[in-house]
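Asker: predicted model and sequence below, questions to follow.
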Amino acid sequence: MKIAVIPARGGSKRIPGKNVRLFCGRPIIEYSIEAALKSGVFDKVIVSTDDTSIATLARSAGAETPFVRPASLADDFTGTNAVVRHAIEFLEQSKISVDFACCIYPTAPFLRTQDLRKSLELLQYSRKAFAFSVTSFDFPVQRAIRLDTDGTVAPMFPESIAARSQDLTPAYHDAGQFYWGTSAAFLGDIDLYSKHSLGVPLPVYRVHDIDTEEDWMQAELMFRALDSLKAE
């Protein structure tokens, strides 16, 4: 069985009600649920939450909420791997065997169904533990500078500061949209950022980390821009 696990706890400090706040007219979590359902690769799309209002909204959007997430897994310090592991263990205690799980963030309105399908195929073919979304930095990290206490600048990597951008190795970072993994990988707590994982590159314009009000506004502007292009 293949499952999607969307972690959506009720508490959010920087953006209150973040997981159900309207994003371009719809609760933001609905985009993640819809992409998972439309991908056609999941036997179950589960929202893991400790909040009854989020659970009700999730069910109305087509997801399942077979359990209430324990308070011990709903604080500011719990990682998503622990949340996915809990979902797998819950199902297996109910005699439901899970082969692959995909953690999908509830604030990923730019997620596309083809990304979910492609990354599953790559994971299965490679026999790795994980396959997750990554994107490139929009500026060479090797040419980063720091500001010292007196305001003066200094290169972080002096050996690369004068190099041409095209001569530097591209650097990537976690895109924060989805994380496919085998059940054994999640249960075994295998290191995500290691040789056990494949990175699935996404274009920079479809990656937006939404943690502040400014992030939210910028993401909505880009979403509307891309939506208008599709309509043309």
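Answerer: Here it is on my side, so go on.
Asker: all contacts plus neighbour counts: C-alpha atoms, from now on.
Answerer: Will do.
Asker: so what touches the helix or strand harbouring Ala225?
Answerer: Using DSSP states H and E, the element containing Ala225 is helix 213-231. Outside of helix 213-231, the residues within contact range by C-alpha atoms under 8 Å, 6 or more residues apart in numbering are 15, 23-24, 110, 205, 208-210.
Asker: which of those sit farthest apart?
Answerer: Spanning the widest gap among the contacts of helix 213-231 are Ile15 and Tyr205, at 22.2 Å by C-alpha to C-alpha.
Asker: residues in contact with the spatially most central residue of the chain?
Answerer: Ranked by distance to the mean C-alpha position of the chain (C-alpha atoms, centre = their mean), the top residue is Gln177 at 2.5 Å. Counting by C-alpha under 8 Å, 6+ apart, Gln177 touches 104-105, 108, 111, 132-133.
Asker: got a winner among the residues you listed for most neighbours?
Answerer: Highest neighbour count within the contacts of Gln177, by other C-alpha atoms under 10 Å: Ile104, with 30 neighbours.
Asker: which residues touch that residue?
Answerer: Going by C-alpha under 8 Å, 6+ apart, Ile104 touches 4-7, 32, 177-179.
Asker: in the helix or strand of the chain with the lowest mean pLDDT, which residues are buried?
Answerer: Least confident helix or strand of the chain, by mean pLDDT, DSSP states H and E, is helix 213-231 with a mean of 91. Residues 216, 219, 222-223 are the ones in helix 213-231 that count as buried (16 or more other C-alpha atoms under 10 Å).
Asker: report the secondary structure state of Pro106.
Answerer: coil (DSSP: H, G, I helix; E, B strand; the rest coil).
Asker: relative to Asn19, how far out is it?
Answerer: 6 Å (C-alpha to C-alpha, to the nearest Å).
Asker: overlap in contacts, these two.
Answerer: In terms of C-alpha under 8 Å, 6+ apart, Pro106 and Asn19 are both contacted by the residues 8, 28-29.
Asker: which of the residues you listed sits closest to Thr52?
Answerer: Using C-alpha to C-alpha, those come closest to Thr52 at Ala8, 11.0 Å.
Asker: any idea how many residues pack against the closest one?
Answerer: 27.
Asker: dump the residue contacts of it.
Answerer: Each residue near Ala8 by C-alpha under 8 Å, 6+ apart is listed here: 19, 47-50, 54, 105-106.
Asker: just the ones in strands from these, please.
Answerer: Per DSSP state E, strands hold the following members of those: 47-48.
Asker: top of the contacts of Ala8 by neighbour count?
Answerer: Using other C-alpha under 10 Å as the neighbour criterion, Val47 leads those with 29 neighbours.
Asker: the closest residue in space to that one that isn't next to it in sequence: which element?
Answerer: Closest residue to Val47 apart from its sequence neighbours, by C-alpha to C-alpha, 6 or more residues apart in numbering: Ile6 at 4.6 Å. Assigned by DSSP H and E, Ile6 belongs to strand 2-7.
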